[in-house]
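Visitor: With the input below, show me the fold.
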Amino acid sequence: MTRSGRGSCICILTRYPRLGEVKTRLVPPLSCAEALALHDRLARHTLRRALALSASGDARVEVRTDAAFHRVAHDWLGGGFSSRYQGEGDLGDRIRLSFGDAFGRGAGRVAVIGSDCPRLSSAILREAFARLEKVDMVLGPATDGGYYLVALRRDSAKRSVPVLFSKVPWSTADVLARTIEIADEHGLSYALLEELPDVDRPEDVADAEAVLAACTPTPDSRVSVVVPALDDAGCVADAVASGLAAGADEVVVVDGGSRDETRAVAASAGARVLESATGRARQMNAGAKTAIGGVLVFLHADTTLPPHACDLARAALARPGVVAGAFGFAVPSEAHHSRLINTIGRWRARLSGRPYGDQALFLSACTFTDLDGFPDLPTMEDLELVTRLKRVGKVVVLDEPAVTSARAWEAHGLIATTAINKVSISAYHLGVDPERIAGWRARISTRAYCEHDSRD
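Guide: Here you go, the predicted structure:
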């Protein structure tokens with residue numbers, strides 16, 4: 001995967017959570033403890049959305065707090081970012097220092113944000129960096145007259161940083177207007193993002209709570225099971241039935257151009273059927289785009305879910321720090337060498353810490369959107385998404401297994417199948433083009449099919 005965003009940086013300015021010192025404008029109606037809890041949730045929410053860009057290589061992330069010992073940010077929020085002291089002075093001084101530090105360490109594009117705008121999404125952050133290609137500055141207007149984001153380019157930093165954040169009436173409704181005036185006075189071009197609310201007043205709390213709730217799976221969250229399929233008429237009905245039996249609110253089968261009866265079989269089994277371009281990543285992304293669930297489960301067409309899978313997924317995602325999960329691995333008990341294959345699968349997941357797509361990956365729709373879905377790869381799309389997820393938070397593997405077809409082992413044999421999988425993964429980690437890996441695997445599968453057909 002390319003990492004074109006290594007030169008971009010997101011600086012999050014936030015206060016270290018101290019009772020009675022954060023979100024004081026919300027007290028009352030909130031109590032000091034409630035204000036502290038809201039501040040904590042907003043900061044974690046903002047960090048997760050920023051880390052989504054870090055996970056895909058689009059930007060690195062800094063958290064800058066008002067704690068003199070800056071490393072306490074890691075004790076508070078975990079890892080995946082660098083932490084720094086945000087400095088003294090007013091907000092303008094702290095913003096100026098953030099830009100100066102980031103540009104001084106080689107960043108080409110820097111966005112400074114706060115932690116109290118829950119509607120600031122990963123997509124908006126990506127848009128901010130994209131717009132910097134054509135302008136000197138990007139601003140995200142807040143509904144209160146300030147801004148929730150300011151982004152600058154390195155090549156205009158000497159002109160912009162010294163002037164933009166001086167003589168601004170901070171904490172007033174004139175912050176944005178004055179910043180634009182300064183930009184005009186100094187010939188700096190700029191672009192505006194969509195206007196969003198931040199959380200400074202009691203009337204802002206309800207909207208913030210709604211956004212936070214939408215991104216937090218609960219026992220009542222709806223679950224959508226997404227099944228990519230291609231010429232899977234012989235097995236897709238079982239996959240659909242397992243999803244519905246497991247408590248899914250819907251099962252979406254996304255067909256990639258089957259030449260058999262896959263679509264009809266899936267619809268008869270109770271699935272909502274879509275069609276998309278061929279490619280497992282594209283199919284799963286297309287299904288997720290139309291899904292109604294706040295929790296997404298991605299199930300291969302030759303795999304079945306365990307009982308109560310949806311409840312298990314919701315409970316796992318409710319654990320602190322967990323951003324995704326998968327089920328254990330198993331093949332049908334009647335398959336040749338099933339015990340040995342199951343043992344290899346369990347140890348594979350345990351040693352690597354990375355579940356594969358045949359284990360029915362699940363995560364919140366919010367997290368999936370933040371990460372921009374599965375990367376558009378011809379193979380290893382599940383491995384790449386899990387790798388990115390682990391940069392955002394914990395990925396857990398449950399004991400209850402998803403049962404997947406043993407057809408690969410039956411076609412290639414136990415040793416060859418294990419070797420093919422291992423070599424493919426190693427090649428990907430070494431930077432081999434996924435197109436080459438996919439082509440190699442396709443040639444092996446075609447040869448195995450022909451040999452099997454000739455024996456018949």
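
Visitor: CA only for contacts and neighbour counts going forward, please
Guide: Fine.

Visitor: Am I right that L317 is in contact with P217?
Guide: Yes. Using CA atoms under 8 Å, L317 makes contact with P217 at a distance of 6.4 Å.

Visitor: intersection of neighbour lists for these two?
Guide: With contacts defined as CA atoms under 8 Å, 6 or more residues apart in numbering, the residues shared by L317 and P217 are S364.

Visitor: Next, the buried residues of stretch 273-291.
Guide: Applying a neighbour-count criterion of 16 or more other CA atoms under 10 Å, one finds 273-276, 278-288, 291 buried in stretch 273-291.

Visitor: CA atoms of it as CSV?
Guide: Taking Å, rounded to 0.1, in the frame of the first residue of the first chain, the C-alpha atoms of stretch 273-291 are listed here in CSV:
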residue,chain,number,x,y,z
VAL,A,273,-29.6,-9.0,-3.2
LEU,A,274,-27.5,-6.4,-4.9
GLU,A,275,-25.2,-6.5,-7.9
SER,A,276,-21.8,-4.8,-8.1
ALA,A,277,-18.5,-5.0,-10.0
THR,A,278,-16.5,-8.2,-9.4
GLY,A,279,-14.1,-8.1,-6.5
ARG,A,280,-14.7,-9.1,-2.9
ALA,A,281,-13.6,-5.7,-1.5
ARG,A,282,-15.8,-3.8,-4.0
GLN,A,283,-18.8,-6.1,-3.3
MET,A,284,-18.4,-5.8,0.5
ASN,A,285,-18.1,-2.0,0.2
ALA,A,286,-21.2,-1.8,-1.9
GLY,A,287,-23.2,-3.9,0.6
ALA,A,288,-22.0,-1.8,3.5
LYS,A,289,-23.0,1.4,1.7
THR,A,290,-26.7,0.3,1.7
ALA,A,291,-26.7,-1.5,5.0
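
Visitor: For it, which outside residues touch it?
Guide: Against stretch 273-291 from outside (CA under 8 Å, 6+ apart): 224, 226-230, 252-257, 263, 266-267, 296, 298, 365, 373-378, 381.

Visitor: Just the buried ones out of those residues, please.
Guide: 224, 226-230, 252-257, 263, 266-267, 296, 298, 365, 373-375, 377-378, 381.

Visitor: Restricted to strands, list those residues.
Guide: Among those, DSSP state E puts 224, 226-229, 252-255, 296, 298 in strands.

Visitor: from the chain's centre, how far out does stretch 66-82 sit?
Guide: When C-alpha coordinates are averaged (CA atoms, centre = their mean, to the nearest Å), stretch 66-82 and its chain have centres 22 Å apart.

Visitor: what bits of the stretch 301-450 of the chain have low per-residue confidence?
Guide: Segments of the stretch 301-450 of the chain classed as low confidence (criterion: pLDDT under 70) are 333-353, 406-432, 434, 437-450.

Visitor: Pull the most distant pair out of the ones in strands among the buried ones among the contacts of stretch 273-291.
Guide: Within those, D255 and L296 form the most distant pair, 17.5 Å apart (CA to CA).

Visitor: sorry, back to before: would you format the ones in strands among the buried ones among the contacts of stretch 273-291 as a markdown table with pLDDT and distance to S8 included?
Guide: Formatted as a markdown table, these follow (pLDDT from 0 to 100; distance: CA to CA, whole Å):
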| residue | pLDDT | distance to S8 |
| --- | --- | --- |
| S224 | 98 | 34 |
| V226 | 98 | 34 |
| V227 | 98 | 35 |
| P228 | 97 | 34 |
| A229 | 97 | 38 |
| V252 | 98 | 37 |
| V253 | 98 | 38 |
| V254 | 98 | 35 |
| D255 | 98 | 37 |
| L296 | 98 | 30 |
| F298 | 98 | 31 |
